[in-house]
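**Q** Quick one, fold the following:
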Amino acid sequence: MNTADLLIDGFGRSLEGGTAVVEGLTEEQLTHRPGPHANSIAWLVWHLTRVQDDHVADVAGRDQVWTGQGFAERFDLPLPVGDIGYGHNDEQVDAVRADGELLAAYLSAVHEQTVDYVSGLGDDDLDRIVDTRWDPHVTLGVRLVSVVDDCAQHVGQAAYLRGLLVDDA
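**A** All right, here's what the predicted structure looks like:
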């Protein structure tokens, strides 16, 4: 296994988990919040996909799938087009409404662009500095692992919420 294979596997797990967690759920289930300040499955999957799209497009020097492939228009959310969900309040979480097919389609399209980019990476590429706002500066490898980690956490949270709503056993 090489660097690209490892990254593709990590991002692939987010795709598999993210699409599985929304499969067969109604919009009511997708937007259910188990507590007054909890996130919904729809918000979690949208957010993890927006973060991956934003961060990978940035380091790859590419357009985001969100705007480049028309997903911003398809979702038609009452949020700024560049919003990726960081710091959302309750009203903003409630504003993220979509059906499972649209959430899965966006995640799949982002995954495709991510794989296209990371498939060409080698070990030496991971040391490239991509963000100087931090000390120490953030390398490409650190940024990509951070995105994989963020995606895994949010897929896990969404899967937990699904378990509260649906008996998949």
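
**Q** which secondary structure element contains H154?
**A** helix 140-165 (DSSP states H and E).

**Q** can you give me how far that helix is from the chain middle?
**A** 8 Å (CA atoms, centre = their mean, to the nearest Å).

**Q** Repeat that for stretch 32-39.
**A** 19 Å.

**Q** Any buried residues in that stretch, and which?
**A** H32, R33, N39 (16 or more other CB atoms under 10 Å). From N, CA and C alone the C-beta is placed, and that goes for glycine too.

**Q** quick one: low-confidence ranges for this protein?
**A** The model of the chain has pLDDT under 70 over residues 169.

**Q** for it, what spans make up the strands?
**A** 129-131, 138-139 (DSSP state E).

**Q** what lines up beside the longest one in the sheet?
**A** Taking DSSP bridges as the criterion, strand 129-131 forms sheet pairs with strand 138-139 (antiparallel).

**Q** Sort out which residues of the helix holding H154 are buried, please.
**A** Under 16+ other CB under 10 Å, the buried positions of helix 140-165 are 140-144, 147-148, 150-152, 154-155, 157-159, 161-162.
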